[in-house]
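Peer 1: Structure for the following, please:
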Amino acid sequence: MLFNSYAFIFGFLPILLIGYSIAGSFHRKAVVIWLGLASLAFYAYWHPAFLLILGGSILGNFLFARLISRAAANTTVAKVLLWLAIVANLSLLGWFKYLFPFLGFIDGVFHTAHHPGSVLLPLGISFFTFTQIAYLVDLQQGVASDQDFSSYLLFVTFFPHLIAGPILHHKDIMPQFQEDRTYRLGFNDLAVGFSWFVMGLFKKVVLADRFAPTADLVFAAHGATTCGTAWIGVLSYALQLYFDFSGYCDMACGLARMLSIDFPLNFSSPYKASNIIDFWQRWHMTLTQYIGAYLYSPIQFMIVARRRRLGKKVTRRAQATPEGFFHMVAVPTTFTMFIVGIWHGAGLQFLVFGLLHGIYLTVAHGWRLLRPEHISKASPNYRDRLVRGVSVLLTFLCVVLAQVFFRAPSTRDGILLLQRMTHLYLRISAPTVAIEQLRSPLILLTLGFIIVWCFPNTQQILARYKPALRLAPADEYPRLLPIYWAPSVAWGMLLGSAFTLALIRLQNPSTFLYFQF
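Peer 2: Got it, this is the predicted structure:
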């Protein structure tokens, strides 16, 4: 079920809220069961057969969790069980997401007569798989506590995050459902949550979907575009992806807040980042935290431990040497982003996307190690603001170039489009897509970038009402246009108009871009 659909807004959501209020009058356990069952219904609405896969994954992981919890005293047995669970989870993910694309790739390379076919990808399989793996890892390490089945079911399936994140950590969510409080609908939480939901809905329906036709037209041209049109298409996709994912995150956080649950932030004005490290701390923030905790840190720990066994230094100064930098920074960073690329899709273009960001991050970490110390402590004068502006534009350019492969149907199409953008591919036999075929693209792009770079984001607008578990320091006080939401008539009229406009454009709702991951 789509958040941006009449069925959700006028059907599922009112029933959910009424049921929550009724269940809250009985007991906390009734609320947990109601939300768990409602989340399963939400998931089954899209494709009922997917519910079998989700249910099987939950039952299997819950069984492993019980076994790991009981074997906690025996570290070896617990570790064996954990690895069996990880292999089982990754095997399920690999079967649905990677096996058939890989067989198709092999078939294309070797020109075999076999036709591997395909399988329908269950929605949110990456998200609920990694959520459960993280829980099992923490359970084995003694960080997480054992849960009863209804609580575990809700933790995995809670509908605002189930399809496209944020990736939830048990310590952030489960304590909120275990608090001894009144589980009733609160006016303040409803007002803040619904306002946040409307802001996200407006981003998705009115903004993101307006950029989609231009981006789709250019990326479907297979490189047969002019240089200017290629840039317009790529920038349109950059804004489409921005408002689409930002809108989803806003709606997810807003829906959770309506139920008095605070989600972690997952999106914080990433196009305002002044370097690629800052970008990944703002874009899909929970994914960055996840891979940092469960992939990058263990890899770096093993590398550092091995260097110590060999008698090599592991200090910051050692990292600044070519050999130390390669082993302790470049290798774990590049490998981690390689996995991030695979996580986003099975095509070769996603590997290129991940490796590009791995190179970006490696260069950024190298610059931080080598640059003079006084640069980072410079006072905020005009020159520094100018340098920051250039840094933001350079970071954005790097992100956009990688997004070409993120969106392109294939690596070849991505390379062709990059060639057009740099005007290197001069001979085009097919008819080109001209700017005249695109509807007001420059006006839309200008408006989009004004919103992205000049306006505060939604969590900044809602900052006075603590919209999430933790706000990023940059989100607490917007520097430009310090606009703050308040439960007032003016804000009610403004958001009411935005909600009405979004509803008018909901006749043909489109899926969120991150649903494919």
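
Peer 1: which regions of the chain sit below the pLDDT cut-off?
Peer 2: Regions of the chain meeting the criterion pLDDT under 70 cover residues 73, 100, 102-119, 372-382, 424-440, 472-480, 517.

Peer 1: Would you state the helices of the stretch 301-450 of the chain in chain order?
Peer 2: 316-319, 322-325, 331-344, 348-370, 382-407, 411-421, 441-454 (DSSP state H, counting those that start in this stretch).

Peer 1: Could you list the buried residues of the top helix by length along the chain?
Peer 2: As assigned by DSSP state H, the longest helix anywhere in the chain is helix 227-258. Within helix 227-258, the residues that qualify as buried are 229-258, counting by 16 or more other Cβ atoms under 10 Å. For glycine as for every other residue, the C-beta is placed from the backbone atoms N, C-alpha and C.

Peer 1: repeat for stretch 127-142
Peer 2: By neighbour count on 16+ other Cβ under 10 Å, the buried set for stretch 127-142 is 127-140.

Peer 1: ok, residues contacting it?
Peer 2: Residues outside stretch 127-142 that contact it (Cβ atoms under 8 Å, 6 or more residues apart in numbering): 54, 57-58, 61, 64-65, 68-69, 72, 78-79, 81-82, 85-86, 89-90, 92-93, 144-146, 155-157, 161-165, 167-171, 290, 293-294.

Peer 1: change it to 7 Å
Peer 2: For stretch 127-142, contacts defined as Cβ atoms under 7 Å, 6 or more residues apart in numbering pick out 54, 57, 61, 64-65, 68-69, 78-79, 82, 85-86, 89, 92-93, 144, 156, 162, 164-165, 167-170, 290, 294.

Peer 1: for stretch 320-336, same thing?
Peer 2: So stretch 320-336 is contacted by 291, 295-296, 299-300, 303-304, 307, 314, 318-319, 355, 358, 361-362, 365-366, 369-370 (Cβ under 7 Å, 6+ apart).

Peer 1: repeat that for 10 Å
Peer 2: Here stretch 320-336 makes contact (Cβ atoms under 10 Å, 6 or more residues apart in numbering) with 277, 288, 291-292, 295-304, 306-307, 312-319, 354-355, 357-366, 368-370.

Peer 1: Mark which of these are buried, thanks.
Peer 2: With neighbours counted using 16+ other Cβ under 10 Å, those contain these buried positions: 277, 288, 291, 295-296, 300, 303-304, 307, 314, 318-319, 354-355, 357-362, 364-366.

Peer 1: Now do the helices in the stretch 1-150 of the chain.
Peer 2: 6-7, 13-24, 28-46, 50-70, 75-94, 100-110, 125-140, 149-157.

Peer 1: Between those, which one is closest to Asp216.
Peer 2: helix 100-110 (21.4 Å; Cβ to Cβ).

Peer 1: Let me know the outermost residue of the protein.
Peer 2: The C-alpha centroid of the chain is most remote from Gly311, which lies 39.9 Å away (Cα atoms, centre = their mean).

Peer 1: dump the residue contacts of that one.
Peer 2: Applying Cβ under 10 Å, 6+ apart, no residues contact Gly311.

Peer 1: Please report how far it lies from Ala318.
Peer 2: Going from Gly311 to Ala318 by Cβ to Cβ, to the nearest Å gives 12 Å.

Peer 1: separation between the closest residue to Gly354 other than its chain neighbours and Gly366?
Peer 2: The shortest distance from Gly354 to any residue other than its chain neighbours is 2.0 Å, reached at Gly341 (Cβ to Cβ, 6 or more residues apart in numbering). Gly341 sits at a distance of 21 Å from Gly366 (criterion: Cβ to Cβ).
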